[in-house]
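A.B. asks: The sequence isn't on hand, but the structure is:
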């Protein structure tokens, strides 16, 4: 996250016509775990977040039990978040995504959508990119 916030974001903003108030982050599998962790560590760094098939089962669902994650979620406002997983994924994978969605759904100041795609962890990946980008950036 230090690289993203201290090097990548400043570089992109300096070299491209990027809107610093409208950054997006997409994470799939362990990338989804990372995106969820960002909600805990720096919840306002990104306005749009796609959290797909997050590996929240990692370390016995430790992130979902962290009070700082709940605090970060409670402090969100105006974010647009898409949570997705595949219907044939492991029960741990599905329950982690469902638990995250339920935590996010307690905050009525964000736009939130959940989608369950047909397929497993690897087969759902191509479709989730399209679904996520369509939801996060539809006009």
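C.D. replies: Looks like it came in fine. None of the values given here were measured: they were computed from a predicted structure. Numbering: from 1, shown residues only.

A.B. asks: What ranges does this protein have for its strands?
C.D. replies: For the chain, the strands defined by DSSP state E occupy 24-28, 48-52, 80-86, 111-117.

A.B. asks: Distance to residue 63 and mean pLDDT added to these, as a markdown table?
C.D. replies: Placement of C-beta: from N, CA and C, glycine included. A markdown table is the format used below for those (distance: least, Cβ to Cβ, whole Å; pLDDT from 0 to 100):
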| stretch | distance to residue 63 | mean pLDDT |
| --- | --- | --- |
| strand 24-28 | 13 | 97 |
| strand 48-52 | 12 | 98 |
| strand 80-86 | 14 | 97 |
| strand 111-117 | 18 | 96 |
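
A.B. asks: Between these, which one is closest to residue 36.
C.D. replies: Nearest to residue 36, of all those, is strand 48-52, at 5.8 Å by Cβ to Cβ.

A.B. asks: Please name every helix or strand in contact with the closest one.
C.D. replies: Judged by 3 or more Cβ pairs under 8 Å, 6 or more residues apart in numbering; DSSP states H and E, the packing partners of strand 48-52 are strand 24-28, helix 30-41, strand 80-86, helix 125-137.

A.B. asks: Of the strands of the chain, which is nearest residue 42?
C.D. replies: Closest approach to residue 42 among the strands of the chain (Cβ to Cβ): strand 24-28, 10.5 Å.

A.B. asks: if we can go back for a sec, export the helices and strands packed on strand 48-52 as CSV, with columns for distance to residue 98 and mean neighbour count.
C.D. replies: As requested, these are arranged in CSV below (distance: least, Cβ to Cβ, whole Å; neighbours: other Cβ atoms under 10 Å):
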stretch, distance to residue 98, mean neighbour count
strand 24-28, 17, 19
helix 30-41, 13, 20
strand 80-86, 8, 25
helix 125-137, 16, 16
